[in-house]
Every structure is written in structure tokens, then in C-alpha cells.
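S.K.: kindly return the folded structure for what I paste below:
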Amino acid sequence: QVQLVESGGGLVQVGESLRLSCAASGSTSDIWDMAWYRQTPGKERERVAVISRRRRTHYNDSVKGRFTITKDDSGNIVFLQMNNLIVEDTAVYYCNAVTWATAEFWGQGTQVTVLS
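M.R.: Numbering: from 1, shown residues only. Alright, predicted model coming up:
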């Protein structure tokens, strides 16, 4: 089992920045990929960015050049640096972990609201 706890959401103005954090605990040695997803009411959850065990990254086209996903040295804390935020980035952001056995775990979500 893997537990994920997100933090760092909030209310900002267009053009400002936020950094989200996700702390993983439990069977962290089983984690293969960690990712950030986001969801708005009435829409499907979409993947924003992913970082592999070997720190390879991939981004949704809508955030390329503005968001950066990183991990700390332990690999158990994942960050999402969000710069130049736009109104369309408003969503609940979820941390996700996938293990080598393809088990999937989710955090509780953190709200990001960008005001125009």
C-alpha cells in the first residue's frame, strides 16, 4: 500500500505561481511512476505531468513550458511547480502513484483556483 498526501493548493491571480507537493509513504520502493492529475466539475480527470522512477518526465501539452514536475532526493516527495497560471488551470489536483505491479494510488486532492 502507498499513501499520498498533497499540499500547496490555493487561490492565486492569473500569471502567478504555486508549488504543489505530494509526500508518499508506505511501500514507496514499489512505486514506478508518480504523476499529477487534475479534474474540474463535469470533466474527466486528466494527467498533467508524470515523472518516472528514473526521473523521466512527460507533460500535457496544455502545461508544457509552464509546469515542472520534480522529485526530491529520496524520490518520495514529488513537486509540481506551476508558473504563469491561467484561469483554465483551475481544478482539483490529485497526486497519483503507480507501482511496478500496476497498482494505482491517489491522494485526497488539493484545490487550485486561478482568478482573472
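S.K.: low-scoring pLDDT stretches of the protein, where are they?
M.R.: Along the chain, segments meeting pLDDT under 70 are nowhere present.
S.K.: could you count how many residues lie near the closest residue to Glu16 other than its chain neighbours?
M.R.: Leaving aside its sequence neighbours, Glu16 sits nearest to Leu85 (Cβ to Cβ, 6 or more residues apart in numbering; 5.7 Å). Every residue, glycine included, has its C-beta placed from N, CA and C. Residues near Leu85, counting by other Cβ atoms under 10 Å, number 22.
S.K.: isn't there a helix covering Leu85?
M.R.: No. Counting by DSSP: H, G, I helix; E, B strand; the rest coil, one finds Leu85 to be coil, located in no helix.
S.K.: what residue is smack in the middle of this structure?
M.R.: Trp36 (2.5 Å; Cα atoms, centre = their mean).
S.K.: the chain: strands as residue ranges?
M.R.: Under the criterion DSSP state E, strands of the chain are mapped to 2-7, 10-13, 18-26, 31-39, 46-52, 57-59, 67-71, 77-82, 91-99, 104-106, 110-115.
S.K.: and stretch 83-100, how far apart are its ends?
M.R.: 31 Å (Cα to Cα, to the nearest Å).
S.K.: so which bits of that stretch are buried?
M.R.: By neighbour count with 16 or more other Cβ atoms under 10 Å, stretch 83-100 contains the buried residues Leu85, Asp89, Thr90, Ala91, Val92, Tyr93, Tyr94, Cys95, Asn96, Ala97, Val98, Thr99.
S.K.: shouldn't the first one be in contact with Arg19?
M.R.: No. With contact defined as Cβ atoms under 8 Å, Leu85 does not reach Arg19; the gap is 11.3 Å.
S.K.: between those two, which contacts overlap?
M.R.: Shared contacts of Leu85 and Arg19 (Cβ atoms under 8 Å, 6 or more residues apart in numbering): none.
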